[in-house]
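Peer 1: quick check, what structure comes out for this input:
(one chain, ligands or ions: 2)
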Amino acid sequence: MKKTASVILAKCNQEKKLYGIRIEKREDDWVRTWAFKLQEEMAEKEGFDKTNFSGSFYTDDEYPGCPYCGAKKCFICGSCGKVNCYDGTDKVHCNWCGAGGTAYNDDSKMDVTGGGY
Ligand SMILES: [Zn+2]
Ligand SMILES: [Zn+2]
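Peer 2: Ligands and ions are numbered 1, 2, ... in the order given. Sure, this is the predicted structure:
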């Protein structure tokens, strides 16, 4: 059986380094199954920087977390829509565009507000 899978780019909140998250389509949802360190040149070459996804994202039990700091959660920036790892603190900072905001945990709807932090 053929699986639909792809890779989204993310940055580590602590190490400020790039990594890839492998996602797999299961019914209508995307499930994060794997994460690996990635070089920017490699991401460009593979076209990972041009992918866009919408829908619900879930984390598989097997998902190892961020390859740098081990954080299993992610937050999606409300300003640029890119992904950062998220260690559970309530204040977040986007490593892509520099926006700050408040993150909510996975139990509530993911929502990030920018502003005077
Ligand atoms: Zn990390
Ligand atoms: Zn951002």
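
Peer 1: give the buried residues for stretch 72-91.
Peer 2: 72-78, 82-87 (16 or more other CB atoms under 10 Å). C-beta coordinates here come from the backbone N, C-alpha and C atoms, glycine included.

Peer 1: now do stretch 28-46
Peer 2: For stretch 28-46, a neighbour-count test (16+ other CB under 10 Å) marks 30-35, 38, 43 as buried.

Peer 1: do that stretch and ligand 1 meet?
Peer 2: No. With CB under 5 Å from the ion as the criterion, ligand 1 is not reached by stretch 28-46; the gap is at least 8.9 Å.

Peer 1: give the contact list for the closest residue to Trp96 other than its chain neighbours.
Peer 2: Leaving aside its chain neighbours, Trp96 sits nearest to Lys82 (4.3 Å; criterion: CB to CB, 6 or more residues apart in numbering). Listed by CB atoms under 8 Å, 6 or more residues apart in numbering, the contact set of Lys82 reads 9-11, 76, 94, 96-97.
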